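Asker: Quick one, fold the following:
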Amino acid sequence: MKDTAIEATQPDSSSQHGWKYSPEEVLTSHQTADELNITTKTLSRWRQDSSGPKFIRISRNKVGYAYGEIQNWIQARTYQGTHDAYMAELETADAS
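Answerer: Okay, the predicted model is just below:
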């Protein structure tokens, strides 16, 4: 009979967070848009008006997004209820 012991492996940082990628991994605009369920056009608009996740300028015509930054951006926009989201919007409007 064969030994069917399962090897224990060290989880990488992505599985510790329950994320698909490691926080340091750089995603393309297409991958990022897919992760956020938006179009690349929306992502481009967010870059122009500084409302999206932080991005990395790779070259003149290419940008990338660190997966950890995408997750941080999502976390910063996660609210318990509509009142919390409304109050955050008011605070942002008062700051400008």
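
Asker: On the three-state scheme, residue 57 is what?
Answerer: strand (DSSP: H, G, I helix; E, B strand; the rest coil).

Asker: so what's it up against?
Answerer: By C-beta atoms under 8 Å, 6 or more residues apart in numbering, the contact set of residue 57 is residue 63. Using the backbone N, CA and C atoms, a C-beta is placed for each residue, glycine as well.

Asker: Tell me the bridge partners for it.
Answerer: According to DSSP bridges, the partner residues bridging residue 57 are residue 63.

Asker: Next one: the nearest residue to residue 52 once chain neighbours are set aside from residue 77, what distance?
Answerer: Of all residues not flanking residue 52 in the chain, residue 46 sits nearest, at 2.8 Å (C-beta to C-beta, 6 or more residues apart in numbering). Going from residue 46 to residue 77 by C-beta to C-beta, to the nearest Å gives 12 Å.

Asker: Have a look at these two and say which one is more surrounded.
Answerer: residue 46 (16 against 10; other C-beta atoms under 10 Å).

Asker: Skipping its backbone neighbours, what lies nearest the spatially most central residue of the chain in space?
Answerer: The chain has residue 70 as the residue nearest its centroid, 1.7 Å off, counting by C-alpha atoms, centre = their mean. Leaving aside its sequence neighbours, residue 70 sits nearest to residue 53 (C-beta to C-beta, 6+ apart; 4.8 Å).

Asker: So what does the residue nearest to residue 52 look like in phi/psi?
Answerer: According to degrees, to the nearest 10, the main-chain angles of residue 46 amount to phi -60, psi -40.
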